[in-house]
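In: With the sequence up front, the predicted model follows.
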Amino acid sequence: MEETVPSVEAYEAAMVLSGVGDALGYRGGCWEYCTSGPQIHAELAELGGLAAITLEPPEWPVSDDTVLHLATAEGLATGLEGEPLLQELARRYVAAMGDMEGRKPGPTSILVQVSTCLGAADTDPGYLGALAVALFGALGARGEPPERWGAELLRVLPLAWDYVEGTGVAVEDNAAAWPFFGEAWHRYLDSRGLLEGRGPAQVPSLPSPAERDTVYLGWALEGWAGRSGHDAPMVALEALLAAGGCWEDLCGRAVLHGGDNDSTGTIAAGCWGLQGGLTSVPSGLHCRLEHRERLRNVAHQLHVLAWGRR
């Protein structure tokens, strides 16, 4: 089978829309910390809907999610590998903490930066959420439909465990917490008929924000959907499967819910960009987005790094 090379425009849309999902879900902290999807949708209606919004500071800044996403992307774009890459990422994460005014980074974000800089091991496999998102992005870039992503994640998890075991670092701690992630994803994929990676997905319609809040809470830890490594990509994938080709529906499901919606919005909107581009997205949502040029520039750099100049 001939390799599918994603366009640089797909990379650009993915990076820009990840910022859009973040800024929209965050709304300066107003919507990120609102636990009611119906309330968020009511307030959106008062604003005139998605097409009436222009995402730009001060009302619509990006959150710490995009700042740290940029730090990671720009670090990777250097092309460094191994220990030099880890040192470069640590340096950029420290610098990113100087751009947190008004972005309300949570204690987890701060702890991640400290841990990274000290070289400490993360013994809670919440980092498997990052693995899931990276995998979904790679599959989306290659044109694989979302119906296949979860099954591929289950296939990759044992390889990730082999790596953890091979490092010999905090193996017992990881082993104690590791099964939860895979079991949660197995249950979810089984409920959607996707354990084998073949569609069609059996996704309930959940037409109302209240219904979606209830379902997402059923996957959550500590009563905040999308806050944990296992359910943030889960909410995003559910939204991608249910929304089909409708950008507005994607936002309603992945961004405008009563949970950690800037995180789930970042993931879902970024994955949407890889396959759907910017065409169906109202221009006001991305034309004045904070850090838009940085997001575009690093998208080009990552495309060259991954595929060369094609």
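Out: Thanks, I have the structure now. Numbering: from 1, shown residues only.
In: Next, count neighbours for S36.
Out: A count of nearby residues for S36, using other CB atoms under 10 Å, gives 15. For the C-beta atoms, the positions are set from N, CA and C on the backbone; glycine is no exception.
In: Okay, it and L206: tell me how far apart.
Out: Distance of S36 to L206, given as CB to CB, to the nearest Å: 16 Å.
In: outside of the host helix or strand of A160, which residues touch it?
Out: If you go by DSSP states H and E, A160 is part of helix 149-167. Helix 149-167 has contacts (CB atoms under 8 Å, 6 or more residues apart in numbering) with 128, 131-132, 135-136, 139-140, 144, 171, 174, 178, 181-182, 185-186, 188-189, 192, 194-197, 237.
In: Now do that helix: distance to the chain's middle.
Out: Centroid displacement of helix 149-167 relative to its chain, using CA atoms, centre = their mean, to the nearest Å, is 19 Å.
In: the inter-axis angle of the helix or strand following that helix versus helix 149-167?
Out: Counting by DSSP H and E, the next helix or strand C-terminal to helix 149-167 is helix 171-191. If you take axes from the mean of the first three to the mean of the last three CA atoms, to 10 degrees, helix 171-191 sits at 170 degrees to helix 149-167.
In: The helix or strand just after helix 171-191 to helix 171-191, inter-axis angle?
Out: Next along the chain after helix 171-191, taking DSSP H and E as the criterion, comes helix 209-219. Counting by the same axes, to 10 degrees, helix 209-219 lies at 140 degrees to helix 171-191.
In: Output helix 209-219 as CSV - backbone C-alpha positions only.
Out: The C-alpha trace of helix 209-219 is given here as CSV (Å, rounded to 0.1, in the frame of the first residue of the first chain):
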residue,chain,number,x,y,z
PRO,A,209,-25.6,18.6,26.8
ALA,A,210,-27.0,17.1,30.0
GLU,A,211,-27.0,13.6,28.6
ARG,A,212,-23.4,14.0,27.5
ASP,A,213,-22.4,15.3,30.9
THR,A,214,-23.9,12.2,32.5
VAL,A,215,-22.1,9.8,30.2
TYR,A,216,-18.7,11.6,30.5
LEU,A,217,-18.9,11.6,34.3
GLY,A,218,-19.4,7.8,34.2
TRP,A,219,-15.8,7.6,32.8
